[in-house]
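Colleague: kindly generate the corresponding structure for this input.
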Amino acid sequence: MTTRRGAALVWALVVLAATSAGSAAVTVRLVADRRAAVAREHAAQAEWLARGGCELAAAKLRANPSYAGETARPLPNGEVVVTVTRDGGRVRVSAEARFPTDAPAPAVGNATRDVAAE
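Modeller: Model prediction:
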């Protein structure tokens, strides 16, 4: 009878160890997936901030043809650097956005747009 109790205890420990290892592996995977999702979210936000920077510049160029660009902070943790280059009759607007700016390695988005000179 003692041997059976000892064998049952060993099996219970084996099952507990296997369950714990499986739970740890699932937890590691979930944490990695969560970090990847946050990184994708930040990249998308940076991309849309850059596109918005191009739209902002296009609107400002219509109001002021000598507009040369700016650094804007449309979101608390977002920054867009807009530059305007002129080449003959062509006006090109470029924007580089960073989000979130308080992260050690923020996501960077870029956008470029040609705007009709008026």
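Colleague: need the residue closest to the centroid of this protein.
Modeller: Closest to where the C-alpha atoms of the chain average out (C-alpha atoms, centre = their mean) is His42, at 1.7 Å.
Colleague: what residues are up against it?
Modeller: Shown in contact with His42 (C-beta atoms under 8 Å, 6 or more residues apart in numbering): 99-100, 103, 106-107. Placement of C-beta: from N, CA and C, glycine included.
Colleague: neighbour-wise, which of those residues leads?
Modeller: Phe99 (25 neighbours; other C-beta atoms under 10 Å).
Colleague: and that one, what are its bridge partners?
Modeller: For Phe99, the beta-bridge partners under DSSP bridges are Ala107.
Colleague: now Asp102. Nearest residue, chain neighbours left out?
Modeller: Asn77 (5.6 Å; C-beta to C-beta, 6 or more residues apart in numbering).
Colleague: burial of that neighbour, as a residue count?
Modeller: What Asn77 shows, counting by other C-beta under 10 Å, is a neighbour count of 14.
Colleague: give me phi/psi at it?
Modeller: phi -110, psi 20 (degrees, to the nearest 10).
Colleague: and for Ala103?
Modeller: Dihedral angles (degrees, to the nearest 10) for Ala103: phi -80, psi 150.
Colleague: and what about the closest residue to it other than its chain neighbours, helix, strand or coil?
Modeller: Nearest residue to Ala103, sequence neighbours excluded (C-beta to C-beta, 6+ apart): His42, at 7.3 Å. Put simply, His42 is helix when judged by DSSP: H, G, I helix; E, B strand; the rest coil.
Colleague: ok, the one 10 residues further on next?
Modeller: Reducing the assignment at Gly52 to three states with three-state DSSP gives helix.
Colleague: tell me the contacts of it?
Modeller: By C-beta under 8 Å, 6+ apart, the neighbours of Gly52 are 74, 80, 95, 97.
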